[in-house]
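Peer 1: Need coordinates for the below:
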Amino acid sequence: MSAGPARVDRLVTAGTFELDGGSWEVENNVWIVGDDTEAVVIDAAHDAAAIEQALAGRRLLAIVSTHAHNDHIDAAPELAARTGAPVLLHPDDLPLWKLTHPDRLPDGELADGGRIEVAGITLTVLHTPGHAPGAVCLHAPDLGTVFTGDTLFHGGPGATGRSFSHFPTIIDSIRDRLLTLPPDTVVRTGHGDPTTIGAEAPALPDWIARGH
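Peer 2: I've put the predicted structure just below:
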C-alpha cells in the first residue's frame, strides 16, 4: 500500500501559557508533517492523547519544539513516552524548558541548518531567536511552507515583552531568515491562522516603527 504524498495536518489544542508569574488561556497549533506511515510533530501542546490520536497509528519520528514556552512543550514528555519518539529542542532554550520540565531534558538538539527527514521531504532548521533565545522555524520547501512557532504571525512578530525575549533580535530573525523565503511560502504559525511571507513582508517597517 502506498504511503501517499507528504502532507500537513493541523490539530488545535487548548491550555494555559505561564511565564513571569502570569497565566493565560491559549489555543495552540500542533502541526503534524508526514504521510500515511510516518510523521513528525511540531510543538506538542497541552494534550498528548489527542496528538497521539491524530497520528492515527503513524510512526512518530520526532517531536520538534519551536521553542520552550510551556504551552509548546507541556505535552512533549508524555507524547515521547507514548510513542518512543525523541524530543528535539535548540539548546539555547534549555533555561525555559527547565521551568516546565526540571527533571526531564530533551532527547536531542536542534541546530541552525539541521535537517529533519520525513516522508521523502526535508525540514530545515532556521534558528530565529527573539521570542525566545532558542526559537527555531522549520522550512519545508517541498511543501512550500515554513513553520514559525511564535516568531512570525499573521499581522506581525511574536511577543517580546516577557523574560528571555528581545524585540530587535526577533526583527533581525524575521528580516534575515524568513522574509528572504519565496513570497508564496505559507507561514504556519504557533497560534491562529496561516499567512504567507509575501503578505507579511511589506509591514516590516511598520513593525520596526512600533517597536516593543
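Peer 1: Pull out the buried positions in stretch 180-195.
Peer 2: When burial is assessed from 16 or more other C-beta atoms under 10 Å, stretch 180-195 yields the following buried residues: 181, 185, 186, 187, 188, 189, 190, 191, 194, 195. C-beta: built from backbone N, CA, C; applies to glycine.
Peer 1: nope, stretch 154-174 is what I meant
Peer 2: Buried residues in stretch 154-174 (16+ other C-beta under 10 Å): 156-160, 164-167, 169-171, 173-174.
Peer 1: Select from the residues you listed every entry located in strands.
Peer 2: The strands, defined by DSSP state E, take in 156, 157 from the buried residues of stretch 154-174.
Peer 1: Tabulate the buried residues of stretch 154-174 (CSV), appending distance to residue 102 and pLDDT.
Peer 2: Below are the buried residues of stretch 154-174 laid out as CSV (distance: C-beta to C-beta, whole Å; pLDDT from 0 to 100):
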residue, distance to residue 102, pLDDT
156, 33, 95
157, 29, 97
158, 25, 97
159, 24, 95
160, 25, 95
164, 16, 96
165, 21, 97
166, 24, 97
167, 28, 97
169, 26, 98
170, 27, 98
171, 32, 97
173, 28, 98
174, 31, 98
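Peer 1: Now for the buried residues of stretch 180-195: which two are most distant?
Peer 2: Across those, no pair lies farther apart than 181 and 191, at 20.2 Å, counting by C-beta to C-beta.
Peer 1: now, which of the buried residues of stretch 180-195 sits nearest residue 61?
Peer 2: So of the buried residues of stretch 180-195, ranked by how close each gets to residue 61 (C-beta to C-beta), first place is residue 188, at 18.4 Å.
Peer 1: and the closest one, which of the three is it?
Peer 2: Three-state assignment for residue 188 (DSSP: H, G, I helix; E, B strand; the rest coil): strand.
Peer 1: Show the pLDDT at it.
Peer 2: pLDDT for residue 188: 98.
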